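Peer 1: structure, please.
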Amino acid sequence: MSISKTITFSAPDGLLITGTRYGSDGSPPVLLLHGAGQTRHSWGGTASRLAAAGWCAISVDTRGHGDSQWAPDGDYSIDSLLTDLTLIVEEIQQNWSVRPAVVGASLGGITALIAEGECGDGLFNSLVLVDITPSLNRAGVERILEFMRRYSDGFATLDDARRAVSGFQPHRKSGKSQSVSSGLEKNLRYKDGRYYWHWDPRLLDHVSDLDTQLVARQQRACRSLDLPVLLVHGRMSDVVSNDSAREFLQLVPGAQYVNVADAAHMVAGDDNDVFSTSVSEFLRTSQHNE
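Peer 2: From the prediction side, this is the model:
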């Protein structure tokens with residue numbers, strides 16, 4: 001089992017961003033960015049596997065999520081997330097003297113894509129995008145947002161929360177569902193006798209904003225990428241279609257592509273064995289020399 005340690009970063013506006021580091025300080029860094037409504041614990045299995053393969057995996061809670069602080073003004077705009085990410089990457093580069101590889105799922109992937117594409121000199125060593133492309137299936141996105149909104153009044157018990165998650169992910173096999181649910185408490189906060197999702201509800205004011213301007217911004221970022229890129233796509237995803245994946249590969253001609261048969265949008269949780277193996281192999285073969 002890899003050794004883990006809690007770490008913190010300070011965002012430019014003073015918010016504390018909490019993370020967990022897996023592996024040795026002397027190993028090359030990989031930064032893991034979760035999706036909206038998740039926490040850094042969603043990367044536990046992947047981070048441990050990467051550490052065992054010789055990487056230093058750093059998973060962070062995005063502002064307003066998990067153990068990171070909530071923004072007093074409720075600012076969870078893409079630009080605030082970009083500012084946070086840039087600072088975190090710069091601090092990692094200072095400590096390791098190399099650029100980190102970055103793995104971003106969903107909202108974390110959108111943030112990473114735009115950050116790298118809009119930074120003229122580049123921020124990352126390599127980039128893995130997990131079931132995210134500029135063009136998304138709006139119905140799939142709305143299904144996720146509706147689930148996030150539905151339980152705003154929390155859960156009376158952990159079993160209630162587990163049943164809600166199982167109902168949202170009926171494609172998961174029972175063994176995988178049990179494995180995921182065993183860590184569910186880390187993604188919940190207990191307050192006044194009820195369990196609530198571990199993120200600021202004001203986040204929804206921003207993540208539902210997937211207008212054409214943001215899509216165009218991602219497309220421009222794709223055309224500017226100049227580093228090894230891997231797109232990991234869940235075959236059963238209702239968020240990213242095969243057509244969207246093909247469009248992405250046309251925008252980023254040199255990108256590698258993996259289609260995970262038994263996964264939907266939450267690829268790492270649906271089939272962590274295939275996901276972690278694919279990411280580890282990509283990182284092993286694609287690292288830039290600094």
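
Peer 1: and for the residue nearest to Asp226 when sequence neighbours are not counted, the neighbour number?
Peer 2: In this structure, Asp226 finds its nearest non-sequential neighbour in Gly122, 6.5 Å apart by Cβ to Cβ, 6 or more residues apart in numbering. Every residue, glycine included, has its C-beta placed from N, CA and C. Residues near Gly122, counting by other Cβ atoms under 10 Å, number 16.

Peer 1: shaky segments in the protein?
Peer 2: Residues of the chain meeting the criterion pLDDT under 70: 1-2, 172-183, 209-212, 288-290.

Peer 1: for the residue nearest to Asp226, which three-state class applies?
Peer 2: Following DSSP: H, G, I helix; E, B strand; the rest coil, the label given to Gly122 is coil.

Peer 1: what distance do you get for it to Arg220?
Peer 2: Distance, Gly122 to Arg220, using Cβ to Cβ, to the nearest Å: 15 Å.

Peer 1: buried residues, stretch 249-263. List them.
Peer 2: Neighbour-count burial for stretch 249-263, counted by 16 or more other Cβ atoms under 10 Å, picks out 249, 251-252, 255-256, 258, 260, 262-263.

Peer 1: let's have those residues in JSON lines, adding secondary structure and distance to Gly234.
Peer 2: Listed next are the buried residues of stretch 249-263 as JSON lines, based on DSSP: H, G, I helix; E, B strand; the rest coil; distance: Cβ to Cβ, whole Å:
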{"residue": "Leu249", "secondary structure": "helix", "distance to Gly234": "16"}
{"residue": "Leu251", "secondary structure": "helix", "distance to Gly234": "20"}
{"residue": "Val252", "secondary structure": "coil", "distance to Gly234": "19"}
{"residue": "Ala255", "secondary structure": "coil", "distance to Gly234": "17"}
{"residue": "Gln256", "secondary structure": "strand", "distance to Gly234": "16"}
{"residue": "Val258", "secondary structure": "strand", "distance to Gly234": "10"}
{"residue": "Val260", "secondary structure": "strand", "distance to Gly234": "5"}
{"residue": "Asp262", "secondary structure": "coil", "distance to Gly234": "8"}
{"residue": "Ala263", "secondary structure": "coil", "distance to Gly234": "4"}
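
Peer 1: which other residues reach the helix or strand containing Ile92?
Peer 2: Using DSSP states H and E, Ile92 sits in helix 78-96. Residues outside helix 78-96 that contact it (Cβ atoms under 8 Å, 6 or more residues apart in numbering): 9-13, 15, 17, 25, 28-29, 31, 33, 56, 58, 60, 62-63, 71, 99-100, 102, 107, 110-112, 114-115, 118-119, 123-124, 206, 214.

Peer 1: in PyMOL, select just the buried ones from these.
Peer 2: Under the burial definition 16+ other Cβ under 10 Å, those of those that qualify are selected in PyMOL by:
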select buried, resi 9+11+15+17+28+29+31+33+56+58+60+62+63+71+99+100+102+107+110+111+112+114+115+123+124+206
